[in-house]
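[1] Here is the input, now give the coordinates:
(one chain, ligands or ions: 1)
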Amino acid sequence: YFIDPGQIDGDAVVLQGEDARHLSAVMRARTGEQFIACDGSGRECLAEIVNIEGGRVEGRVVRTGASESEMAWRVTVAQSLPKGDKLETVIQKGTEAGAAAFLPFVSKRTVVQYDARKEAKRLDRWRKIAKEAAEQAHRGIVPEVGEVATWKELLAGFGRFDRVLLCYEEEGRKGAGLKPELEAFASRLPEGAEGSFRPSLLVVVGPEGGFDEDEARQAEAAGAVSVGLGRRILRTETAALVALAAIGYESGE
Ligand code: SAM
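    Modelled structure (predicted):
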């Protein structure tokens, strides 16, 4: 469960609302049993339940420490808005696979219409899905879900990442995989880069109709490298997951 950062440093943690209900009614936890709470910044604690009452679960902190479930590299997934509720799948599975953040965006062949004024509820829902998936996966953080960006805005943000990988089906068709690029990325990392330093990667995935050549050139001009994910054409909602699995493997997790 995710709690406010302040709570983890005290002796007690309190769950309320949906989290308290989930632990007491769904998980049927009782006094004396233990649960894990994270403060969302990568720290977590083990707590023993001392009281369940009035929609609250009170716990006594037994142990605190750094969460060990985060990937060695910080991976953000930029996903061109897919049709229907496929972005929910990308966020849920991507969170389980270790993504640190999601940036939905609109590109030339994005099929769905997006009206930010009408879509605030959808953004709330995506954020809720990220939180629930993070809890179920025992993540140390809840991945952020950004507001839907334009292609231009996305390109302008490339500089915030150590490396930007444009998943480009044309590279895939040629038989190119992610491995050489990830090995090159790993070899350029400073020696002994440990502690709180985490290299950052942005993985950019196109919509059902893919990227056109202009977009690939624009992304490269903005600093991205085009990469393939193998010879098979993956569904848009599958691509980020395949990339995350490869990155997790190559980073040594
Ligand atoms: N038409 C299918 C669909 O409806 O989902 C496939 C869409 S595929 C063109 C969507 C995106 O997934 C691409 O723009 C690319 O970012 C990524 N992708 C899929 N297969 C890939 C591959 N073999 N190599 C690199 N990227 C790939």
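[2] give the contact list for the nearest residue to residue 156 once chain neighbours are set aside.
    Nearest residue to residue 156, sequence neighbours excluded (Cβ to Cβ, 6 or more residues apart in numbering): residue 222, at 7.7 Å. For glycine as for every other residue, the C-beta is placed from the backbone atoms N, C-alpha and C. Taking Cβ atoms under 8 Å, 6 or more residues apart in numbering as the criterion, residue 222 is in contact with 155, 156, 158, 164.
[3] hmm, 10 Å instead?
    With contacts defined as Cβ atoms under 10 Å, 6 or more residues apart in numbering, residue 222 is in contact with 152, 154, 155, 156, 157, 158, 159, 164, 166.
[4] Filter the residues you listed down to the ones in helices?
    Taking DSSP state H as the definition of helices, those contribute 152, 154, 155, 156.
[5] sorry, back to before: the contacts of residue 222, buried ones only, as a ChimeraX selection?
    This is how ChimeraX selects the buried members of those, with burial counted by 16 or more other Cβ atoms under 10 Å:
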select :154,155,157,158,164,166
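[6] Save the contacts of residue 222 as a markdown table, and put in distance to the ligand and pLDDT too.
    Shown next, in a markdown table, are those (distance: Cβ to the nearest ligand atom, whole Å; pLDDT from 0 to 100):
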| residue | distance to the ligand | pLDDT |
| --- | --- | --- |
| 152 | 18 | 97 |
| 154 | 13 | 98 |
| 155 | 15 | 98 |
| 156 | 19 | 98 |
| 157 | 17 | 98 |
| 158 | 16 | 98 |
| 159 | 21 | 97 |
| 164 | 13 | 98 |
| 166 | 7 | 98 |
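[7] all strands of the stretch 151-253 of the chain, in order?
    163-167, 200-205, 224-227 (DSSP state E, counting those that start in this stretch).
[8] Any idea which of those gets closest to residue 139?
    Residue 139 lies closest to strand 200-205 among these, at 16.9 Å (Cβ to Cβ).
[9] between the closest one and strand 163-167, what angle do the directions make?
    Counting by axes from the mean of the first three to the mean of the last three Cα atoms, to 10 degrees, strand 200-205 lies at 20 degrees to strand 163-167.
[10] neighbouring strands for strand 200-205, and are they parallel or not?
    Strand 200-205 has its sheet partners listed here by DSSP bridges as strand 74-80 (parallel), strand 163-167 (parallel).
[11] and the stretch 51-200 of the chain, which of its residues are near the ligand?
    167, 168, 169, 171, 172 (Cβ under 6 Å from any ligand atom).
[12] Just these: which are in helices?
    Members of those lying in helices (criterion: DSSP H): 169, 171, 172.
[13] show me the contacts for the last one.
    By that I understand residue 172. Contacts of residue 172 by Cβ under 10 Å, 6+ apart are 178, 226, 227, 228, 229, 230, 231, 232, 233, 234, 239.
[14] Repeat that for the first one.
    Applying Cβ under 10 Å, 6+ apart, one finds that residue 169 lies in contact with 206, 210, 211, 216, 226, 228, 229, 232, 233, 234, 239.
[15] Many thanks, have a good one.
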